[in-house]
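*Asks:* Fold the following for me, if possible:
(chains A, B, C and D)
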There are 2 protein chains.
Amino acid sequence: MRLPLKTEYACQVLAQLASTYSEEGVRQVEDLAVAENLSPNYSVQILTVLRQAGLVISRRGKNGGYLLAKHPDQITLADIALAMEGGSIIESSLGNEGMSAGNVHAAWVRVNEALLENCREIKLSELVAGSEDDSDWMI
Amino acid sequence: MRLPLKTEYACQVLAQLASTYSEEGVRQVEDLAVAENLSPNYSVQILTVLRQAGLVISRRGKNGGYLLAKHPDQITLADIALAMEGGSIIESSLGNEGMSAGNVHAAWVRVNEALLENCREIKLSELVAGSEDDSDWMI
DNA sequence: TTAAAGTTACGTCACTTACTAATGTATCGA
DNA sequence: TCGATACATTAGTAAGTGACGTAACTTTAA
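*Replies:* The predicted structure is shown next:
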């Protein structure tokens, strides 16, 4: 199954915000969109979701923009994925009434939980271009 | 992101085949579809994919049908998911040219690999309705 | 040879995705 | 306070995908 572009874009936008986290300033949508090669209009919609999830803070009006709500070390892939996808990263429908439907669904729920654990171990700070923390992943 | 129904159905059909694995006989599509509450026609398409992946064996002609190609302990969720989804379970597009696109893509590739490891630990035999191996999952 | 079974190809309809566009709303500075 | 600026929200849409159904073909046991 394909990871939604929206989720990937969310990671990129957040990584872009993280890259200037120390500077304490606000980044404008136009700025973020250009840096990550995204449509500004679409970026706004993604940022709105991220704001509602409490991952970014926005300031409206003149000199407005966005900034991370937490330190890049305290935001994980799990946070981002859950913000964009809702309750679970992989959601299996417990649809039909087949004999094995219950067991199959339960198995995928377990898989989703294990996946969440894995995603909790990847920090936003690792996604920032240029920060070579990439060498020591997965312990 | 939603787990495709096709993949869930594949798990159900295989679980159904596994439930009569010891009996050595062939199961017909109609039989499998009724047991798992699926459309027979759609089940055929799923079984075709599973056959091409080497997970089931088919016999054509009168008294034909399907049977598992391996013991239910030797088929894992990873096998099933890869058969239905192709190369990876979660595939992230390394689409645009944004600054963080490369890092983000790499992170999701890692997530997919970890996910595969998790799926390798869930055996088809655990999905069979009635076999209560469900109590001791994940060690 | 015929009926029962799997095989393949094609069609299709509803839904989702990935956007664009338009309009609304808040804030700063002159 | 006025207007420029920037975020917020909603609506619209074109292309793609998913989940089927249909139909014609092929193989095999009896």
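
*Asks:* which residues sit in contact with residue A:11?
*Replies:* Counting by C-beta atoms under 8 Å, 6 or more residues apart in numbering or on different chains, residue A:11 touches A:77, A:80, A:127, B:100, B:104, B:107. Quick note: C-beta positions are derived from backbone N, CA and C, even for glycine.

*Asks:* at 10 Å instead, please
*Replies:* Residue A:11 sits next to A:3, A:36, A:46, A:77, A:80-81, A:84, A:122, A:124, A:127, B:92, B:100-101, B:103-105, B:107-108 when contact means C-beta atoms under 10 Å, 6 or more residues apart in numbering or on different chains.

*Asks:* swap in residue A:3?
*Replies:* Applying C-beta under 10 Å, 6+ apart to residue A:3 gives the contacts A:11, A:81, A:84-85, A:89, B:1, B:88, B:90-93, B:104-105, B:108, B:111-112.

*Asks:* can you check residue A:123 too?
*Replies:* Counting by C-beta under 10 Å, 6+ apart, residue A:123 has contacts A:18, A:71-77, A:79, A:133, B:107.

*Asks:* can you check residue A:59 too?
*Replies:* Neighbours of residue A:59 in contact, by C-beta under 10 Å, 6+ apart: A:26, A:28, A:65-67.

*Asks:* Now do the phi/psi pair for it.
*Replies:* phi -120, psi 130 (degrees, to the nearest 10).

*Asks:* Any idea what it is bridged to?
*Replies:* Note on residue A:59: beta-bridge partners by DSSP bridges are residue A:65.

*Asks:* which one of the contacts of residue A:3 is nearest DNA strand C?
*Replies:* residue B:1 (6.4 Å; C-beta to the nearest atom of the strand).

*Asks:* Check the burial of the closest residue to that closest one other than its chain neighbours by counting its neighbours.
*Replies:* Nearest in space to residue B:1, with sequence neighbours left out and distances taken as C-beta to C-beta, 6 or more residues apart in numbering or on different chains, is residue A:1 at 5.4 Å. Number of residues near residue A:1 (other C-beta atoms under 10 Å in any protein chain shown) recorded here: 17.
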